[in-house]
Every structure is written in structure tokens, then in C-alpha cells.
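# From the sequence below, what's the structure:
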Amino acid sequence: MADVTITREDDGRHGRYVARIAGIDDEAELTFTHRGPGLVSADHTGAPESMRGTGAAAALVDFLIADARHGGFRIIPLCPYVRARYEKHPDWQDVMTVGPGEKPSIPVRPRA
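Numbering: from 1, shown residues only. The predicted structure follows:
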């Protein structure tokens with residue numbers, strides 16, 4: 001597994017975790033959306049071909065889980081890759097909005 005560096009970008013509504021590996025110009029990302037107080041959806045995880053097999057995508061999800069535990073927020077696992085990793089780590093249930101194998105949904109916010 002390569003040495004992966006992860007940073008977080010967040011504009012208050014949307015954000016992403018970005019994985020970089022020294023010597024590779026590309027980056028992998030896990031995008032998210034703020035869905036309400038203490039709630040984010042993990043929307044998409046993507047890694048370019050140059051980063052496949054490096055562990056970058058798994059590191060992004062692990063970072064998301066650690067960030068949720070540290071930041072006190074819960075995750076709606078919309079991303080298929082995040083859900084697949086969750087199946088292998090049922091101990092993540094403390095930060096997820098659904099149980100392993102359950103289909104997530106986005107809560108509807110009432111209009112003002």
C-alpha cells in the first residue's frame with residue numbers, strides 16, 4: 001500500500017476528501033454533501049486508473065469514518081463503494097444512518 005496523504009475541502013454545503021500519493025499527479029476523491037445539522041451524505045468515491053490498487057479509495061473512506069467520529073456527525077452512505085466497505089466493517093454503525101446492508105435514503109427537509 002502506498003503512502004496516502006488526505007486533505008478535506010468543505011464549502012459549507014458540499015465538500016470532498018482528496019487523496020494524493022507522492023509521484024502520482026492524479027488524485028482520488030470522496031465527495032460529500034451536508035444534509036442537515038450533524039449529517040452528511042457520502043456521495044461518490046473515485047480514483048483514476050493511476051491510483052487503482054494503491055489503497056487510496058479505502059484510505060478516503062477510513063478518513064471519513066475517523067472524521068465523523070471526531071466531528072460528531074453521521075453519514076448517509078449513498079456511495080456504493082462506501083456501502084461495500086461498510087459491509088466489511090459493521091463496527092462503523094456508530095456513525096452511519098443505516099445498518100450494514102440497509103438501503104440509505106436522503107431525509108426530506110421541510111421548505112421554509
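# what residue ranges in the protein score low on pLDDT?
Residues of the chain meeting the criterion pLDDT under 70: 1, 109-112.
# Give the closest residue to His14 in space, chain neighbours not counted.
Thr33 (5.3 Å; C-beta to C-beta, 6 or more residues apart in numbering). C-betas here are computed from N, CA, C, even on glycine.
# what does the top helix by length along the chain contact?
Using DSSP state H, we find that the single longest helix of the chain is helix 56-71. Here helix 56-71 makes contact (C-beta atoms under 8 Å, 6 or more residues apart in numbering) with 2, 4, 6, 8, 17, 19, 21, 28-30, 32, 40, 42, 45-47, 51, 74-75, 81-82, 85, 89, 92, 94-95.
# Next: stretch 8-19.
Contacts for stretch 8-19 (C-beta under 8 Å, 6+ apart): 4-7, 27-34, 47, 51, 56-57, 59-60, 63-64, 67.
# give me the element Tyr86 is part of.
helix 80-88 (DSSP states H and E).
# residues of that helix that come out buried?
Going by neighbour count (16 or more other C-beta atoms under 10 Å), the buried part of helix 80-88 is 81-83, 85-86.
# what's the offset of that helix from the middle of its chain?
10 Å (C-alpha atoms, centre = their mean, to the nearest Å).
# Specify the angle between that helix and helix 56-71 in degrees.
70 degrees (axes from the mean of the first three to the mean of the last three C-alpha atoms, to 10 degrees).
# Strands along this structure, start to end?
4-10, 14-21, 28-36, 39-46, 74-77 (DSSP state E).
# And for Met51, the neighbour number?
20 (other C-beta atoms under 10 Å).
# quick one: contacts for it?
Contacts of Met51 by C-beta under 8 Å, 6+ apart are 19, 21, 24, 26-28, 57.
# re the thing from before, can you list the strands of the chain in CSV and add distance to Gly101 and mean neighbour count?
Formatted as CSV, these follow (distance: least, C-beta to C-beta, whole Å; neighbours: other C-beta atoms under 10 Å):
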stretch, distance to Gly101, mean neighbour count
strand 4-10, 27, 14
strand 14-21, 24, 20
strand 28-36, 21, 20
strand 39-46, 16, 20
strand 74-77, 11, 22
